[in-house]
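[1] build the 3D model from these lines:
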Amino acid sequence: MGINSLVSGLASSRRERWASRENARRHRRYETALATWEADDAELTAMIATVGDDRTISPSVLPPLDLRRGEDVLWTSTGVSLVQLPGSVPLPEPAHRAFALPATRPKPRTPSAAVADHGNVFVTTRRVVFRGGRLNREFAYPKLVGLAHDTTSTCTYLNVNNRKKTSGLSLDPGQVAYFRFYLTLALADWAGERDGFVAHLARLRADHQRFRSTVPAAAYPADAPGSLDLVARLYFGSPGRPPALRAAQGAGMIAVTGLLGLLILAFVVSLLAPAEPVAAPLTPSRSPPTSASPGNTGPSAAAPAATPSRPASQSPTRSLRAQRSPVADPIRAAAKETKGSADSTKRGPRASRHGIKDQCEDRTVNPSGERQGSCSHNGGNRRPVYGGR
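    Model prediction:
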């Protein structure tokens, strides 16, 4: 009962946290959408008011510009870049019916075309004029055959029939909406379609009113997705994403899951597989020499017996010593016997019982068995003699 209560409490806490995060996310999305909608509505309202007003800019507050008779300036701006394309690009014909709010808010990205100069731009009732530090450009409305507002940058491209290459004007992001609106207004006024442009703006505002953001519904803990829903979101993303992106994400996640499963399986198999036994090689070795019997006069001639070698962990030096044989090394065997003979001279009177005698300096043999003073009358002891013959 205690475990069930703990699991139920954890699940309830998870659902409550999800509801809190979901409500905060919905509120942020609503606030962002409402702010955008209100800005668009205010901008459309201001445009409609501007179209109904014939107000122009006084030449006294303008930079030096040679205006023609009956020509007025509607809008001007500084910090404009003149871009030049390598050739002529087909552009749609100018028309106020193509004007829309998304075209007035492009992404603040610089155009890909090369910038030829920087200067000021003037939108008048007859033309668009660019005055730069090195270059001047004029786009008269009667000669304007193509116009396009790039929605991926802040550039507007223009084609005139007296120039072979397409030119463009790139403005500061904060001035793009004003430039494109006043240019459309000037073209509509020059073509005698000012009233049609006013009606087009009124339709845009009416459509815009229908898309006002509404307050989102609240999320409750009971609406929290279950475990399967969380797995589906992890693999395929949220349901609101495009189907192609969800399918691509799902394929990638499934491939990654399969690869991880294979790696884990290979690791577990390597842990559970029994280790192969390593057999220690058996090398024959001979037993050390045995002690000499009383009837022998030389080293033992008994045949050595073969024994298994020591384990592989034994020192190589000790293994090498175990493989050596006194028969294969007669000098070492003779040295061992001489040492044993020298040790046997210290055993006292009982050594003669094993057949050990003394040879004196005059080469006579004393059978006293290495007694002290046994060769005192023959010039002293020379060496021990084994076997007595």
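[2] quick check, pLDDT for the residue nearest the centre of the chain.
    Residue closest to the mean C-alpha point of the chain, counted by Cα atoms, centre = their mean, is Val256 at 14.4 Å. pLDDT, Val256: 90.
[3] report the buried residues of the strand or helix carrying it.
    Assigned by DSSP states H and E, Val256 belongs to helix 243-272. Neighbour-count burial for helix 243-272, counted by 16 or more other Cβ atoms under 10 Å, picks out Arg246. For glycine as for every other residue, the C-beta is placed from the backbone atoms N, C-alpha and C.
[4] worst mean pLDDT across the helices and strands of this protein, which element?
    Scoring the helices and strands of the chain by mean pLDDT, DSSP states H and E places helix 316-323 at the bottom, with a mean of 48.
[5] from the contact counts, what lies against the one helix or strand Met47 maps to?
    Assigned by DSSP H and E, Met47 belongs to helix 2-51. Judged by 3 or more Cβ pairs under 8 Å, 6 or more residues apart in numbering; DSSP states H and E, the packing partners of helix 2-51 are helix 176-190, helix 194-209.
[6] what is the mean pLDDT for the helix or strand that it is followed by?
    Sequence order places strand 73-84 as the next helix or strand after helix 2-51, per DSSP H and E. The predicted model gives strand 73-84 an average pLDDT of 92.
[7] counting contacts, what elements does strand 73-84 pack onto?
    Packed against strand 73-84, as judged by 3+ Cβ pairs under 8 Å, 6+ apart, are the following elements: strand 114-124, strand 127-132, strand 167-170, helix 176-190.
[8] so Thr156 touches Gly146, yeah?
    No. Between Thr156 and Gly146 there is no contact under Cβ atoms under 8 Å: 11.1 Å.
[9] these two - which one has more neighbours?
    A count of neighbours by other Cβ atoms under 10 Å puts Thr156 above the other of Thr156 and Gly146, at 24 against 17.
[10] my read is the more buried one is in a strand, agree?
    Yes. Under DSSP: H, G, I helix; E, B strand; the rest coil, Thr156 falls within a strand.
[11] could you report the pLDDT at it?
    At Thr156, the predicted lDDT confidence score is 92.
[12] for Ser344, same thing?
    Predicted confidence (pLDDT) at Ser344: the value is 45.
[13] repeat that for Ser285.
    pLDDT, Ser285: 53.
[14] likewise for Ala140?
    At Ala140, pLDDT is 94.
[15] so the residue lying closest to it once chain neighbours are set aside versus Leu144, what's the distance?
    Excluding its sequence neighbours, the residue lying closest to Ala140 (Cβ to Cβ, 6 or more residues apart in numbering) is Arg127, at 4.5 Å. Distance, Arg127 to Leu144, using Cβ to Cβ, to the nearest Å: 9 Å.
[16] ok so, going back, separation between the residue nearest to the centre of the chain and Gly237?
    According to Cβ to Cβ, Val256 stands 15 Å off from Gly237.
[17] ok, and the closest non-adjacent residue to Gly146?
    Excluding the flanking residues, the one nearest Gly146 by Cβ to Cβ, 6+ apart is Leu91, at 2.9 Å.
[18] just give me the neighbour total for the one you found.
    Counted with other Cβ under 10 Å, residues neighbouring Leu91 total 15.
[19] kindly report the same for Asp223.
    If you count neighbours by other Cβ under 10 Å, Asp223 ends up with 12.
[20] and it, what does it touch?
    Residues in contact with Asp223 (Cβ atoms under 8 Å, 6 or more residues apart in numbering) are Ala19, Glu22.
[21] if we go to 7 Å?
    With contact taken as Cβ atoms under 7 Å, 6 or more residues apart in numbering, Asp223 is in contact with Ala19.
[22] so what pLDDT did it get?
    83.
[23] if you compare the helices and strands packed on helix 2-51, which one is most tucked away?
    Greatest average neighbour count among the helices and strands packed on helix 2-51 goes to helix 176-190 (a mean of 22), per mean count of other Cβ atoms under 10 Å.
[24] avg pLDDT for it?
    92.
[25] out of the helices and strands packed on strand 73-84, nearest to Pro63?
    Nearest of those to Pro63, taken as Cβ to Cβ: strand 114-124 at 5.9 Å.
[26] not counting residues beside it along the chain, what's closest to Arg134?
    Computed as Cβ to Cβ, 6+ apart, the closest residue to Arg134 that is not its neighbour in sequence is Asp117, at 5.2 Å.
[27] so what's the residue count around that neighbour?
    Residues within reach of Asp117, counting by other Cβ under 10 Å, total 17.
[28] ok, what's across the strand from it?
    Judged by DSSP bridges, the bridge partners of Asp117 are Leu82.
[29] roughly how far apart are it and Thr78?
    Using Cβ to Cβ, Asp117 is found at 13 Å from Thr78.
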